[in-house]
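Visitor: Sequence first, predicted model second:
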Amino acid sequence: MSNYGETVLEIDLNALAHNYVYLRSRLMRETKFLAVVKAFGYGSAVERIALKLQDLEVDYFAVAYVNEGVTLRDAGITKPILVLHPQPINFKTVIARCLEPSIYSPKVLKEFLEIAKEENQKDYPVHLKFNTGLNRLGFWENDVDFIVQQLHRRAEVSVVSVFSHLAASEDLNEKSFTIKQIENFKSIALELNNKLGYEPFRHLLNTSGIINYTEAQFEMVRSGIGLYGYGNELKIDSELKPVATLKTVISQIHRIEPNESVGYNRAYTSKEYRTIATLPLGHADGIGRQYGNGKTYVLVKGKKAFIVGNVCMDMIMIDITDIDCKEGDEVIVFGPQLSAQNFAEKANTISYELLTAISPRVKRVVLD
């Protein structure tokens, strides 16, 4: 086992490739694959992640914000990049960097058309987002006539795709709701195609959709969390490989007596003699206070060591009473040996939040 002597986030690009191949294997050969690399590649190392995926020949990338798309272009990404939540103030940058905006409301459509006109664009690629039940972003189905009216009057843009987002694709107890979303999306896309006079490609499925509703893959699917090793269910998680491993080190070991407290607000008090280790990471590194006070554990020499007391800004204390270890030894916070999903669930949250919270001050080490 490697010991870096400090806190690092190890990024395994071979695991990324494995996950991509697995997810692709569930699709028809002709189905396009969009890789979601927003939030710094789900908290990893976005430039290296995206370049690896480009080498693997994904068809599209998606980010949340325009500045994330600019980062990808600066890193050498030449594939199409869909910006899922662009703001009108950044529309000139969208065009300058050849990014493709999601158009999700009448206001956004009108504003992008005006900017495209100012920039002398013709048939600039845009994607239309429809709300089919998530109730977050998107046109309503009764906006189709308005959209078509706007587009038929203008030559500045061309619709590349129409898409929506499933609300509960990982929860089979909500299957009837998901099927209703799928049918609603089909209906909207058909109406739009008939009235536009051409057929943008369609995409609806996220990672859990790929797993549970493959029949609705349409012309493209989108995967985020699955690429990074998590499939929202144990059976699928066993087929995937976590890309990120958070490792740290024991800075100091203390032997405390009965009735001694540990950390801020004396949140932990020992009932007997205990051995406590201090680690150099904390809530400023993305391990929030919700993980403290015995909620979850890390691995030391392959054994569970529970977090004791409150998580500090830069430090965490763990109980190593029954573990034969020393200062300088490596500690695994999450990774293949200890799932980020498992770590997160102990604190009543999800792997997405844990992964994307890892601070930029944590050193990234990329393995390829």
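Guide: Arrived safely, thanks for sending.
Visitor: going forward, measure contacts between C-alpha atoms and count neighbours the same way
Guide: OK.
Visitor: Show me what the least confident helix or strand in the chain by mean pLDDT is in contact with.
Guide: One helix or strand of the chain scores below all others by mean pLDDT, DSSP states H and E: helix 234-237, with a mean of 86. Here helix 234-237 makes contact (C-alpha atoms under 8 Å, 6 or more residues apart in numbering) with 229-231.
Visitor: and residue 143, that one's in a helix?
Guide: Yes: assessed by DSSP: H, G, I helix; E, B strand; the rest coil, residue 143 belongs to a helix.
Visitor: how close does residue 283 sit to residue 46?
Guide: Going from residue 283 to residue 46 by C-alpha to C-alpha, to the nearest Å gives 22 Å.
Visitor: Tell me which helix or strand the residue nearest in space to the middle of the chain sits in.
Guide: Centroid-nearest residue in the chain: residue 42, 4.0 Å away (criterion: C-alpha atoms, centre = their mean). Residue 42 belongs to helix 38-43 when assigned by DSSP states H and E.
Visitor: do residue 359 as well
Guide: Per DSSP H and E, there is no helix or strand for residue 359.
Visitor: ok, longest helix in this protein?
Guide: helix 175-196 (DSSP state H).
Visitor: And it, what's buried?
Guide: For helix 175-196, burial by neighbour count (16 or more other C-alpha atoms under 10 Å) applies to 178, 181-182, 184-186, 188-189, 192-193, 195-196.
Visitor: Walking through the stretch 51-200 of the chain, point out its helices one by one.
Guide: For the stretch 51-200 of the chain, the helices defined by DSSP state H, counting those that start in this stretch occupy 66-75, 91-96, 106-118, 144-152, 175-196.
Visitor: which intervals of this structure have sub-threshold pLDDT?
Guide: For the chain, the stretches flagged by pLDDT under 70 are 1.
Visitor: can you do 80?
Guide: 1-2 (pLDDT under 80).
Visitor: quick one: contacts of stretch 38-48?
Guide: Residues contacting stretch 38-48 (C-alpha under 8 Å, 6+ apart): 9, 11, 37, 49-50, 62-65, 68, 71-72, 75, 224-225, 228, 244, 352, 355-359, 364, 366.
Visitor: Over to stretch 259-273?
Guide: 255-258, 293, 308-312, 317.
Visitor: now do stretch 287-303
Guide: For stretch 287-303, contacts defined as C-alpha under 8 Å, 6+ apart pick out 267-268, 281-283, 304-312, 318, 320, 323-325, 329-334, 338, 343-344, 346-347, 354, 357-358.
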